[in-house]
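Q: Have a look at this fold, sequence not included:
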Ligand code: RFL
């Protein structure tokens, strides 16, 4: 078999690259280890920045998103027993789209496979990437039905297989630098079958630890509770979860969170990494395969989409007109936004976790940082720009 491009991984990054290639009639093969049903239901992100939604729209990939997403124009911080609403929509004229990742993935698979006629194999095993130093790379995998090894020759490989994939591991260690940051903090990530208690994202900055509420739909709400890294979700029975949420999100005159069955409960250790360069020979990494950003600032899926737009367009230019400039500048163009978002996540982490550090000095500076957002219009404007990812240029 031969395809101009093999895309490894059918997450937001891989499916967006595949859709861009198909729109330009470039053939590609997407390889995914999970089943279609699984990826269409895997709950994760929900916040899509406006530029990312417009980027999807421009490529014909946002019809359902624009119809069904909720628009968010404010978030609310709770600290010192009070609530502080931050109306970023009024400040900037820009907003967030809230559209759960499984819905976006469902739209992207349908468009790629059913509408644009793209090739995709689900349930493949043991994917390997070969000969990246040559201009004739190939990819092999085990076919789920027959158990046979399959070989696919190609010109380019898009490594979009997320944080635990094979693409990053295929890079020769002496040719890449992986910068890592560990926050030493865990978050208990919860999905509750309950309506949100406020119409916007809530951030509770409390001495007992951070708590967050992210509305997902009228029936389902995501909550986060700071916990020790590596904590066992079994340490968090229903009663303990709701009493901590009430405490940490509590403020004068607000209703307590509406209780509901917890349908997801897992501990995430907060850490980041960035692979530089994101390219080796004919392998181009995109999304979480290249850089992980802890879900502190809800940036991961947005960065995955940013990479995918650049990579998809660059591959189309190379394969249809022989123009190499997009591929040559790819890593640098992605990494400017990646590092900017990493820096913001690190800054925001102190806002979320500083009051619970058990250190009165850090608690004092954290509260000063929070108050500044509500007393200095300049600080508020800078925060809004980073929160929304609206900086004009990278
Ligand atoms: P994905 O989505 O992980 O997709 C990678 C795909 O590759 C498959 N795969 C393989 N396929 C072939 N061969 C292999 N060897 C393979 N190994 C893996 C996987 O099955 C999968 O289908 O990566 P992608 O496309 O780069 O997208 C990244 C985003 O999914 C990720 O950044 C976000 O989910 C992060 N994130 C959030 N991002 C936001 O922008 N806003 C949010 O609100 C937000 N909330 C979150 C999040 C991530 C979370 N978790 C679980 C880490 C909340 C959570 C809880």
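A: Ah, there it is. Bear in mind that the values here come from a model prediction, so they are computed numbers and not experimental data.

Q: how about the residues of this structure near the ligand?
A: By Cβ under 6 Å from any ligand atom, the part of the chain that sits against the ligand consists of 8-14, 31-34, 39, 44-47, 101, 127, 160-162, 164-166, 189, 268, 287-288, 295, 298-302, 304. (C-beta placed from N, C-alpha, C; glycine too.)

Q: from what I can see, residue 254 looks like it's in a helix, true?
A: No. Counting by DSSP: H, G, I helix; E, B strand; the rest coil, one finds residue 254 to be coil, located in no helix.

Q: Hmm, it is touching residue 85, no?
A: No. Applying Cβ atoms under 8 Å, one finds residue 254 not in contact with residue 85, separated by 11.0 Å.

Q: Please identify which of those two sits among more neighbours.
A: Comparing residue 254 with residue 85 by other Cβ atoms under 10 Å, the one with more neighbours is residue 254, at 15 against 11.

Q: any low-confidence regions in the stretch 151-300 of the chain?
A: Along the stretch 151-300 of the chain, segments meeting pLDDT under 70 are nowhere present.

Q: residues in contact with residue 21?
A: 4, 5, 27, 28, 118, 312, 315, 316, 319 (Cβ atoms under 8 Å, 6 or more residues apart in numbering).

Q: Recalculate using a threshold of 6 Å.
A: 5, 28 (Cβ atoms under 6 Å, 6 or more residues apart in numbering).

Q: Can you tell me the SS state at it?
A: helix.

Q: Can you name the residue of the stretch 101-250 of the chain nearest the ligand?
A: In the stretch 101-250 of the chain, the residue found nearest to the ligand is residue 162; the distance is 2.7 Å by Cβ to the nearest ligand atom.

Q: what's in contact with the helix or strand harbouring residue 348?
A: When elements are assigned from DSSP states H and E, residue 348 belongs to helix 330-353. Helix 330-353 is contacted by residues 183, 185, 210, 272, 274, 277-279, 291, 293, 296-297, 299, 303, 306-307, 310, 314, 369, 386, 394 when judged by Cβ under 6 Å, 6+ apart.

Q: What's the ChimeraX line that selects buried ones from the residues you listed?
A: The ChimeraX command for the buried members of these (criterion: 16 or more other Cβ atoms under 10 Å) is given here:
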select :183,185,210,272,274,277,278,279,291,293,296,297,299,303,306,307,310,314,369,386
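
Q: I'd like to know which of the contacts of helix 330-353 are part of strands.
A: Counting by DSSP state E, the part of the contacts of helix 330-353 found in strands is 183, 185, 210, 272, 274, 279, 291.

Q: and the two most separated of those residues?
A: The distance between the two most remote of the ones in strands among the contacts of helix 330-353 (Cβ to Cβ) is 35.8 Å, for 210 and 279.

Q: and residue 158, that one's in a strand?
A: Yes. Under three-state DSSP, residue 158 sits within a strand.

Q: Hmm, it is touching residue 7, no?
A: Yes. Using Cβ atoms under 6 Å, residue 158 is in contact with residue 7, at 4.4 Å.
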